[in-house]
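Q: Here is a sequence with its predicted model. Questions after.
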Amino acid sequence: MAESLTGPPGANPVDDTFRCPICLEEVRNPKYLPCFHTFCETCIQTYISSTVARKDNETLKAIECPVCRKRIEAPINDITSEEWALALPQNKLIVSMSVDPKKEEQKFCMFCKRNNKSVTAKHWCKSCIESIYDDCKCFHSYVPILQGHKIISLSDTLGLKNDIDKLCCSICFATEHRKCEQVQAIEDVAVEMDEDRVQNKLTLFKDLLESLENLQEEYSDKVTTLNSRKQEIVSSAEKKVEEIKLQIDKAHAQWLKRFEQKHTDSVENIEIASDEIKWFVTTIRDAKTVLQTVQENGSTKQIFVTSHTLGVQISEHFDRLRALNIWDFIQDYSHQNTDFLRQICNHGSFQGVSASETRSKTLQKIFTFASLLSDKTGIARRREEMCRKDWMKVNFEKISEMNLPTEVYYGLFVSDTKVIMSIESPPSLKVYDISDTVGECVHTQSCQATPYGLCQSGDCMDIVYVSFEDHVDYYQIKVSESVTFTKLGTFQLKEPMLAISYGTAAVSSVNDSKRMICSSDFSVINHSSSYSKSEDRPFVSSSSRSDRHCFVRESEVVVVDQNNNKIFQSSVAGDYLRGLTFDLQDNILICLWNSKIKQIRNGGTESRDIELPDIKDTYNVVLHPTGEKMLVLDYYNKCCVYKVS
C-alpha cells in the first residue's frame with residue numbers, strides 16, 4: 001500500500017490519493033482484493049479477463065494479485081470479469097480522502113447564523129462548542145442554564161489549548177492514577193478541542209514541507225558547486241605538475257589522495273544530512289496525510305489522540321536529528337598557492353586544499369516549525385511576543401536576589417525559575433531557585449577542573465556547555481522537584497577557551513589573549529584575532545537570531561559576523577567594559593563599572609543608560625531565551641534577576 005502513495009521516479013506526488021499499481025494513475029472507482037491491494041475498477045476488470053484461469057482439479061476460476069501474487073478465487077463459478085470487478089468492495093478510505101469539502105475561511109457566530117445573519121465571531125464557548133459574537137456572549141450571562149459555560153476569546157491561543165500533558169489507558173488509570181484528581185476522560189476533553197488548531201498544524205506541515213523541499217534543492221546546489229570547484233582545482237594542479245620532473249609525481253599523487261578524501265568526506269556528510277532530511281520529510285508527509293484523513297473522517301476523540309501522538313513522534317524525530325553531529329558543511333574550497341616546485345623543495349609535499357566550513361542552519365529552520373507544532377515550554381511563542389517590543393524602551397523590575405559564596409563571572413538560565421552559576425573555588429556548578437524574592441541554592445555539582453564559560457545552543461535550555469579551559473563538557477540538566485546532571489560528552493580543545501557563546505551558525509570563544517570563531521564542536525575555523533581583556537575574565541556574546549558576535553576592545557564594542565568581518569563598532573565612554581549580550585533585536589547590553597548597563601542600538605546609532613536597583617557594580621549580564629528576564633552579576637558576590645516589561 002505504501003508504494004501506491006508515490007508516482008514514477010521524477011514525478012510529483014499526488015496529494016491525498018493513491019495510485020493504481022496497474023495503470024500508475026490516480027485510482028478511479030477504487031476496488032480492493034481480499035489481500036487489501038487497491039486498483040481502478042476498469043484496470044482490475046481488464047486484468048481478470050486476461051489472466052483468469054482454472055486448474056483441472058479446481059471448481060472455481062482464480063487470479064493472482066498483481067502486487068503480492070496471492071491467489072484470489074472468483075466468488076461464484078462462471079462469473080464474468082465485469083461482474084467480478086463490480087462485486088469487489090469499494091475502498092471507501094481512498095474515496096473519502098479524495099473529497100475536498102469547501103471550508104469557510106472565516107468563523108461566523110453560529111447563534112446569529114441560525115437567525116440568517118452573518119456576524120464574525122470573536123469568542124468560543126467550550127460548552128456549546130461553537131463560535132459566538134459579543135452580543136451572544138452577553139446572552140449567555142442572561143440565561144441561567146448558560147451562565148456556567150466557559151467562554152474564551154478566539155485570539156487567546158493559550159486558552160484554546162487543551163492543557164493535556166499525557167494520555168493513559170484504562171489499565172494505567174486504574175493501577176497508577178487512582179488517587180489523581182486531575183484525570184479527565186478523553187471524550188470530555190476532546191469536546192472542547194478547537195478544530196482551527198488542527199488546521200493550523202496542517203498549514204504548518206505544508207509550510208515545513210515547502211521549506212524542506214527548498215533545503216533539498218540547496219543541498220543539490222552545494223554538491224554541484226563543490227564538484228565544480230574540485231574539478232577546477234584538480235585541473236589547475238595537473239597543469240603545474242606537467243612542468244615538473246618525475247620526483248614531483250609522488251607528491252602530486254599524495255596531494256590528490258588527500259584532496260579526494262577531503263572531498264569525499266565533505267560530499268558524504270552533505271548526502272548523509274540530505275538522507276536524514278528525506279526521512280524527516282517522510283515523517284512530516286505521513287503525519288500530514290494521517291491527520292488530514294482523521295480530521296475528515298474520524299471522531300473528535302480520534303482527532304485529539306492522533307494530533308497528540310503525531311506531535312510526540314515529530315518531536316522525537318527532531319531530537320534524533322539534533323543529536324547527530326553532521327550539520328557542519330564544507331561551503332567552498334580554496335587553493336591559493338600553486339608553486340608546487342618550491343613546495344616540494346622546501347617541504348617535500350604539496351600544500352593541501354583549504355576548506356571553509358560553516359554551521360548549517362537546517363536545525364534552526366526545522367526547530368522553528370517543530371517548536372510551533374509542539375512548544376512545551378512556549379519559548380518560541382513567548383520570544384516572538386517579546387520581539388515585538390521596542391527594546392530601547394523596555395523597563396527592568398527586580399524579582400529575585402541571591403548572595404553568592406564567592407565572585408562569580410558566568411551564569412545562565414536553565415529554566416524559568418532556575419539559573420546555573422560557574423563557581424571557580426571550589427570548582428563546581430551551582431543551581432539557584434529564583435522563584436522567590438530571595439533565591440537559594442538547590443543543587444551543587446562538583447567539578448574536577450575549574451569551570452569557566454557557560455552557553456546553550458538555540459532554545460535547548462536543558463543542554464548546557466561548560467568550558468574547562470582545555471576542554472568543553474556538555475550536560476543535560478533536568479529541572480523538576482530535584483535537579484539532575486547527565487554528562488553527554490566532551491570536546492577536547494586545541495586552543496584554551498574561557499568565555500564561550502553559541503550562535504546560529506558558529507560558536508564564538510575567547511581566552512586571555514585570543515578571540516576565535518569555531519564550529520559546533522569548538523574547532524577553530526581559521527578565524528582568530530588578538531584580544532586583550534580589560535578585567536579578570538574575558539567576555540563574548542553571540543546573537544540568537546542572526547549571524548553576529550560581539551566583544552569588547554578597550555573602550556569599544558565590536559560586532560563581527562561568523563567570518564570575522566566587522567559589521568560595526570561603537571565607542572563607550574568610561575573604562576572597564578565588562579560582560580555583554582545581545583537582546584532580542586540585536587541591540588547590545590553591556591556592563592559598566594557602576595550600577596548601570598549601557599544599551600547600544602543595533603548599528604550603533606544611539607544608546608541609553610539603564611539604572612538597576614540593588615546592583616552596586618555590574619559585571620556580567622545574561623538574557624533569558626524568551627527575553628522575559630535578565631540576570632545581572634554584581635562584582636560584590638551578588639546576583640539579581642529582573643523582569644523585562
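A: Arrived safely. The structure presented is a predicted model; accordingly, all values stated were derived computationally and were not measured.

Q: all helices for the stretch 201-350 of the chain, in order.
A: With DSSP state H, counting those that start in this stretch as the criterion, the stretch 201-350 of the chain has helices at 247-297, 300-323, 340-347.

Q: Next, the angle helix 247-297 makes with the second one.
A: Computed by axes from the mean of the first three to the mean of the last three C-alpha atoms, to 10 degrees, the angle separating helix 300-323 from helix 247-297 equals 170 degrees.

Q: next one: helix 300-323 to chain centre, how far?
A: Once both centres are worked out by C-alpha atoms, centre = their mean, to the nearest Å, helix 300-323 turns out to sit 14 Å from its chain's centre.

Q: for the helices of the stretch 201-350 of the chain, which one sits closest to H123?
A: H123 lies closest, by C-beta to C-beta, to one member of the helices of the stretch 201-350 of the chain: helix 300-323, at 19.9 Å. Placement of C-beta: from N, CA and C, glycine included.

Q: Check which residues of that closest one are buried.
A: Within helix 300-323, the residues scored as buried using 16 or more other C-beta atoms under 10 Å are 300-301, 303-308, 310-311, 314-315, 317-318, 321-322.

Q: and what of stretch 394-408?
A: Buried-residue list, stretch 394-408, by 16+ other C-beta under 10 Å: V394, F396, K398, S400, E401, M402, L404, E407, V408.

Q: how about these, which pair is most distant?
A: Greatest spacing in these, by C-beta to C-beta: V394 and E407 (28.5 Å).

Q: And the residue nearest to F539 when sequence neighbours are not counted, how far from Y474?
A: Closest residue to F539 apart from its sequence neighbours, by C-beta to C-beta, 6 or more residues apart in numbering: G579 at 4.5 Å. According to C-beta to C-beta, to the nearest Å, G579 stands 22 Å off from Y474.

Q: Which residue of those two possesses the greater neighbour count?
A: G579 (26 against 18; other C-beta atoms under 10 Å).

Q: hmm, back to that, tabulate the helices of the stretch 201-350 of the chain (TSV), appending distance to C447.
A: What follows is the helices of the stretch 201-350 of the chain, written out as TSV (distance: least, C-beta to C-beta, whole Å):
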stretch	distance to C447
helix 247-297	33
helix 300-323	24
helix 340-347	43
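
Q: can I get these in CSV with mean pLDDT and distance to S555?
A: Shown next, in CSV, are the helices of the stretch 201-350 of the chain (pLDDT from 0 to 100; distance: least, C-beta to C-beta, whole Å):
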stretch, mean pLDDT, distance to S555
helix 247-297, 86, 42
helix 300-323, 82, 40
helix 340-347, 77, 44
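
Q: so where's the stretch 1-150 of the chain uncertain?
A: For the stretch 1-150 of the chain, the stretches with pLDDT under 70 are 1-18, 54-58, 93, 96-106.

Q: my bad, the stretch 451-600 of the chain
A: Scanning the stretch 451-600 of the chain with the threshold set as pLDDT under 70 gives 526, 534, 574-575.

Q: tell me the domain ranges of this structure?
A: 3-97, 110-191, 195-374, 388-644 (automatic domain parsing).

Q: Among these, show me which one is buried the most.
A: Most buried of those by mean neighbour count (mean count of other C-beta atoms under 10 Å) is domain 388-644; its value is a mean of 18.

Q: hang on, the earlier thing: let me know which of the domains of the chain is the nearest to A380.
A: That would be domain 195-374 among the domains of the chain, by C-beta to C-beta, at 3.9 Å.

Q: gap between the closest one and the chain center?
A: How far domain 195-374 lies from its chain's middle: 16 Å, per C-alpha atoms, centre = their mean.

Q: same question, stretch 479-493
A: 21 Å.

Q: Could you export it as CSV, CA atoms only?
A: Output of stretch 479-493 as CSV, limited to C-alpha atoms (Å, rounded to 0.1, in the frame of the first residue of the first chain):
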residue,chain,number,x,y,z
VAL,A,479,14.9,20.6,36.5
SER,A,480,11.7,19.4,38.3
GLU,A,481,11.3,18.7,42.0
SER,A,482,15.1,18.0,42.0
VAL,A,483,18.0,18.9,39.7
THR,A,484,19.9,16.1,37.9
PHE,A,485,23.1,16.5,35.7
THR,A,486,23.8,14.0,32.9
LYS,A,487,27.1,14.4,31.1
LEU,A,488,26.5,13.9,27.4
GLY,A,489,30.1,14.3,26.0
THR,A,490,33.4,16.2,25.9
PHE,A,491,35.1,18.3,23.2
GLN,A,492,38.9,18.5,23.6
LEU,A,493,40.3,21.9,22.7
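
Q: what's in contact with it?
A: With C-beta atoms under 8 Å, 6 or more residues apart in numbering as the test, stretch 479-493 has contacts from 414-415, 417-418, 429, 431, 442-443, 445, 462-463, 469-478, 521-522.

Q: The nearest residue to E25 once chain neighbours are set aside bridge partners, please.
A: Nearest residue to E25, sequence neighbours excluded (C-beta to C-beta, 6+ apart): R19, at 6.5 Å. Note on R19: beta-bridge partners E26, judged by DSSP bridges.

Q: I'd assumed D188 was in contact with F304.
A: No - counting by C-beta atoms under 8 Å, F304 stays clear of D188, with 10.7 Å between them.

Q: Look up the closest residue to D436, ignoring the ones flanking it.
A: Nearest in space to D436, with sequence neighbours left out and distances taken as C-beta to C-beta, 6+ apart, is S400 at 6.7 Å.

Q: And R515, by the same measure?
A: Closest residue to R515 apart from its sequence neighbours, by C-beta to C-beta, 6+ apart: Y531 at 4.1 Å.

Q: likewise Y333?
A: Using C-beta to C-beta, 6+ apart, the closest residue to Y333 is R229 (4.8 Å).

Q: how close does the one you found sit to S356?
A: 11 Å.

Q: Now do the shared contacts for these two.
A: D332, Y333.

Q: circling back to that earlier point, which one of the buried residues of helix 300-323 is nearest to Q45?
A: T306 (35.5 Å).

Q: surely that closest one meets T300?
A: No - with contacts counted by C-beta under 8 Å, T306 stays clear of T300, the gap being 10.7 Å.

Q: The residue nearest to F539 touches I590, doesn't it?
A: Yes - counting by C-beta under 8 Å, G579 sits close enough to I590 to count as a contact (7.4 Å).

Q: any shared contact partners between those two?
A: With C-beta under 8 Å, 6+ apart as the test, G579 and I590 both reach V621.

Q: Please, where are all the helices along this protein?
A: For the chain, the helices defined by DSSP state H occupy 41-51, 81-87, 92-97, 110-113, 134-142, 157-160, 170-176, 186-191, 195-242, 247-297, 300-323, 340-347, 362-373, 379-387.
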